[in-house]
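K.L.:
What shape does this take:
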Amino acid sequence: MLRPSCARTLLLALCAVAALALPAAGAAAADKPQSKHRTPRSLIKRGTLQQLPGSLGCLSARPAKGGCSPARGLKGPGPFMGSRAIAVSPDGRNVYVASSTSDAIAVFHRDRLTGALTQPRGSAGCVAAGGAEGCGRAIGLGGPNSVAVSPDGRFVYATARDSGSVAAFHRKRSSGALVQLPPGSGCVSGLPLPGCAAGRALVGPDVVVVSPDGENLYVGSFFGNAVATFARAKNGTLFQAEGQQGCIAEAISGCAPGIALGAPEGLAISPDGTSLYVGSALSNAVAVLSRDGAEGGALSQASDGTGCIVNQELAGCTAGVQLAGANAVATAPAGRDVYVTSLFSNSVTAFSRSAAGVLTQKPGTGACLIFLRSAGCSFGRAMVAPEGLAVSPDGASVYAAAFRTGAIDVLDRERESGVVRQKPGRAGCLASSRVPGCTRARALAGVSSIAVSPDGANVYATAFGSNAVGVFRRVR
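P.N.:
Residues are numbered from 1 along each chain as shown. Have a look, this model is predicted:
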């Protein structure tokens, strides 16, 4: 259970979201394209999303609603604190969802031809605290909110806010089923949980990522204002180094010192594995951390202004724009660009990345895409309280999950400049009929996490309010 101070913090954040403006029906038209040349029709359609028909288009916790297929272990997927609650295995065979209310990880088989999802029967279809709903038994899954698959596809990891933990599972590649590693190896917690190893800087863990080389796992701790570092053994077991190599934080004794790390909600590692980027909600910032692969994956932060970009002036950081409530972070496939959603700015911001990992916010209106209009930003629609974020493998599209609007925003990405623009007309967003100007879609209430399949053919989104996963085909 959350401590009273933690609960009050979360309540304030939720109230702030509720106070945000509702989608406007009479919003101004989108920015006109600058080029005088007509764009080929194939490029105009690229990246658009179409929900699969009928029950194939979504899965929902029993009793299923909106014509969705029923699923187990799917209550509260992608909670308010959880912008990485869904992950697709590297081989494209499975989709995993962290469901906070079910205290479970739901497991789905993916049809690689259609993208449709089906849930295996029995314990192969989910793991849950106490084995609820016929799922396999697991420990350290109190309020899971983020999930990640190792690059080799052999292991799955999940953070759980209420357990203060990260749980580790072996993945059966033939079926996708999860089996938790043995007691002492299958869970690391900042709380004294039976069967879990002790960990540091795990206070309200909110997000988890695995390095591209598979050597390390990183956890962002929302209430700890910290990032915890773990080394990974070949059998999937996690080990946290002592001292400053094991964590970086604003104010935790024994961790490396960091700044602009207030309430990490998003993490992304550059494709070359040298940089870790943190979306810090309470710092209204993107923190830039250097990763030393030769030193067990230890993290460090520069203090010369390149270690963070913030909304308001902060010693040791560079000033940026539209980063209030910075949330999810995603990198482009080639690692040249980084994108961030910001909950309270109602925006997607864009940054260029240098060879050294330093970020520079893009110039002009390319710096930000924002709901309605703001000086210096491009125009965005149906983008109230954006959380989840994903870039397609081909680098042509960026997708944002807008929690308050209940919409998926579809953005085109210019490959050379890295600038993103929302697709014009109804193709630019998917939402319920209550949101004007978008393509109609089902089971998207409280959409907060989003993932693209490795082949770029499908997009999947978790919806907390709908207790559902939406399934979409992507035009390539």
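K.L.:
Can you pull out the low-pLDDT segments for the protein?
P.N.:
Counting by pLDDT under 70, the ranges of the chain that qualify are 1-43, 65, 373.
K.L.:
run the last query once more with 90
P.N.:
For the chain, residues meeting the criterion pLDDT under 90 lie at 1-44, 62-66, 78-83, 293-295, 312-313, 372-376.
K.L.:
how about the helices in it?
P.N.:
For the chain, helices defined by DSSP state H occupy the ranges 4-18, 41-45.
K.L.:
Check the separation of the first and last residues in stretch 155-172.
P.N.:
The straight-line separation of the ends of stretch 155-172 (CA to CA, to the nearest Å) is 9 Å.
K.L.:
The residue most central in space within the chain pairs with what?
P.N.:
Geometric centre of the chain, nearest residue: Arg84, 2.9 Å, by CA atoms, centre = their mean. Here Arg84 shows beta-bridge partners Ser146, assigned using DSSP bridges.
K.L.:
can you pull the contacts of it?
P.N.:
In this structure, Arg84 makes contact with 146-148, 207-209, 266-267, 328, 388, 449, judged by CB atoms under 8 Å, 6 or more residues apart in numbering. C-beta here means a position set from N, CA and C on the backbone, and glycine is covered the same way.
K.L.:
So which of those belong to strands?
P.N.:
Judged by DSSP state E, strands contain the following of the contacts of Arg84: 146-148, 207-209, 266-267, 328, 388, 449.
K.L.:
Tabulate these in CSV, adding columns for neighbour count and distance to Glu313.
P.N.:
Converted to CSV, the ones in strands among the contacts of Arg84 look like this (neighbours: other CB atoms under 10 Å; distance: CB to CB, whole Å):
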residue, neighbour count, distance to Glu313
Ser146, 32, 31
Val147, 28, 36
Ala148, 23, 34
Val207, 30, 27
Val208, 26, 31
Val209, 23, 29
Gly266, 28, 22
Leu267, 25, 25
Ala328, 29, 24
Gly388, 28, 29
Ser449, 31, 32
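K.L.:
Tell me the one of the residues you listed nearest Gly199?
P.N.:
Distance to Gly199 across these (CB to CB) is lowest for Val208, with 12.3 Å.
K.L.:
thinking the closest one is in contact with Leu217, fair?
P.N.:
Yes - taking contact to mean CB atoms under 8 Å, the distance of 6.5 Å between Val208 and Leu217 places them in contact.
K.L.:
Common neighbours of those two, please.
P.N.:
In terms of CB under 8 Å, 6+ apart, Val208 and Leu217 are both contacted by the residues 148, 157, 166.
K.L.:
Could you dump these into a markdown table with distance to Ser253 added?
P.N.:
Conversion of the shared contacts of Val208 and Leu217 to a markdown table gives the following (distance: CB to CB, whole Å):
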| residue | distance to Ser253 |
| --- | --- |
| Ala148 | 28 |
| Tyr157 | 26 |
| Val166 | 21 |
